[in-house]
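Enquirer: What shape does this take:
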Amino acid sequence: PLDVILVGAATFVVMLTALVTALLASPAERVEGDLFRIFYFHLPLALLTYLAFFVTFIASIVFLLRPNEALDRVALASAEIGLLFCTLVLATGSIWGRSVWGVWWTWDARLTSTLVLWFIYLGYLMIRSYIEDRGRAARYAAILGIVGFLDVPIVQFSVTWWRTIHPQSTVTASLGQSLPAGMQWALLSGMLAFTLLYVELLLLRVWVETLRDRQRALAERLLDAEGQ
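Expert: Prediction:
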């Protein structure tokens, strides 16, 4: 589809710009040096994970109220992308933590609640895969997509509610004047790049699921015709 192609082209250009800005144009951090550059990917991935699961949350609510295959496709596609981004958040966080804390993993409140979030949406996809009745699978998954989103604010506010070694939430400060101009541009470029990547993947997955549904419907009609 044309929209997928256009968004894909924009994503490639902006992602390349974000990489150059983050790795070459932005200054090294005073304490962590070049290691800090992982921040320009880690934070956008975390925020886009929230967004992806929020889209699944909203689509699931509306789907339960007014069942619609298009909404179900959006919920499924966004959950898949959210799980991918959440995996990358855990991976980049572990790499960063190994260098700063000296360990790959610690049962910190932010890390633990993020891992729980990852397992919740893994379960969401398992429900979709293992329940043969597609209508029932969609309903059960929608319920989990709604309940599972409750962990997102727990992840976000975990560093405030409990004592953790994870830094306090710096989203507002990081997007404000607390960072030098070069770092602000690198962070904003990363945010735009991963937002476009999310939109591109969402459009692509919804398109693929639409084609699969049409294929299933056609196959069912052919079987009915043969049976007659």
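Enquirer: in the protein, which ranges drop under the pLDDT threshold?
Expert: Along the chain, segments meeting pLDDT under 70 span 168-178, 227-228.
Enquirer: Helices of that one, start to end?
Expert: For the chain, the helices defined by DSSP state H occupy 2-20, 39-65, 69-100, 109-130, 134-148, 151-161, 171-175, 181-227.
Enquirer: which one of the ones you listed is the most hemmed in?
Expert: helix 39-65 (a mean of 21; mean count of other Cβ atoms under 10 Å). All C-beta spots, glycine's among them, are computed from the backbone N, C-alpha and C.
Enquirer: Now do that one and helix 181-227, the angle between them.
Expert: Counting by axes from the mean of the first three to the mean of the last three Cα atoms, to 10 degrees, helix 39-65 lies at 40 degrees to helix 181-227.
Enquirer: packing partners for helix 39-65?
Expert: Other helices and strands packing on helix 39-65, by 3 or more Cβ pairs under 8 Å, 6 or more residues apart in numbering; DSSP states H and E, are helix 69-100, helix 109-130, helix 134-148, helix 151-161, helix 171-175, helix 181-227.
Enquirer: redo that, cut-off 10 Å
Expert: Counting by 3 or more Cβ pairs under 10 Å, 6 or more residues apart in numbering; DSSP states H and E, the packing neighbours recorded for helix 39-65 are helix 2-20, helix 69-100, helix 109-130, helix 134-148, helix 151-161, helix 171-175, helix 181-227.
Enquirer: re the thing from before, save the helices of the chain as CSV, and put in distance to residue 26 too.
Expert: Below are those laid out as CSV (distance: least, Cβ to Cβ, whole Å):
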stretch, distance to residue 26
helix 2-20, 10
helix 39-65, 7
helix 69-100, 16
helix 109-130, 24
helix 134-148, 35
helix 151-161, 24
helix 171-175, 13
helix 181-227, 4
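Enquirer: quick one: residue 141 and residue 71, what's the gap?
Expert: 12 Å (Cβ to Cβ, to the nearest Å).
Enquirer: what's the answer for residue 112, then?
Expert: Using Cβ to Cβ, we find residue 112 at a distance of 32 Å from residue 71.
Enquirer: Residue 188 is in contact with residue 40, isn't it?
Expert: Yes - using Cβ atoms under 10 Å, residue 188 is in contact with residue 40, at 9.4 Å.
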